[in-house]
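**Q** fold the following, please.
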Amino acid sequence: MFKLTTKIAIPVILVGLFAIISFVSVDYEKLEPNLYIIITLLVVFVFFSGIAIGQSISSLVKRVLEKSNELSKGNFSSRVYINTKDELSELANNFNRLAEKLEESRLQEENAEKTIAIKVKARTNDLEETIKALDQKVKNRTIELEKLMEKANKIQEGSKNEAVEDVPTKNP
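**A** The predicted model follows:
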């Protein structure tokens, strides 16, 4: 984040120095030595305030960046709280709304997966029961057919025996 700090601090420092130089150049001949001390203190103040402003803004941006990294890794409960009442605060609020919507979406997805799993399990149980019922019907029909085959075989043997008895025998 040093890059962002310097990008913010350097323009603030340069503007401050430009303002100080402008005041000094206006009436150079009438400047007193005490004014040089004041200008030096003013330069130091502008320098440190520029660095402080840069660090302040960069720390807020760094916080949003860290939370966005957490969000990208799947931590949908990640939130950023910035109370500056400016664009950074608005950015944090938008980030929080996005994270909330992603979290809701993930919960809906999990609920849908659970619902589908329950429906699939119920349908699988229904199909297993239907298969068992059909299997039992096939076994019952097989038993009935075997009994009918036995009866048919007995009837067939009985008719063969009757046909053999009805055949006249020739006596020479």
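**Q** contacting residues for the residue nearest the centre of the chain?
**A** For the chain, the residue nearest the mean C-alpha position is Arg106 (5.2 Å; C-alpha atoms, centre = their mean). Listed by C-beta atoms under 8 Å, 6 or more residues apart in numbering, the contact partners of Arg106 are Phe76. In short, each C-beta sits where N, CA and C put it, glycine included.
**Q** what about the nearest residue to Glu103 once chain neighbours are set aside, which SS state?
**A** Nearest residue to Glu103 in three dimensions, chain neighbours excluded: Phe76, at 3.8 Å (C-beta to C-beta, 6 or more residues apart in numbering). Following DSSP: H, G, I helix; E, B strand; the rest coil, Phe76 is assigned to coil.
**Q** count the neighbours of Phe76 for me.
**A** 18 (other C-beta atoms under 10 Å).
**Q** in contact with it, which residues?
**A** In this structure, Phe76 makes contact with 99, 102-103, 106, judged by C-beta under 8 Å, 6+ apart.
**Q** now do it against Asn93, distance only.
**A** 17 Å (C-beta to C-beta, to the nearest Å).
**Q** swap in Glu66?
**A** Glu66 is 17 Å from Asn93, by C-beta to C-beta.
**Q** what do you get for Glu113?
**A** For Glu113 relative to Asn93 (C-beta to C-beta), the value is 31 Å.
**Q** so these two - more neighbours on which side?
**A** With neighbours defined as other C-beta under 10 Å, Glu113 and Asn93 compare such that Asn93 has more, 13 against 10.
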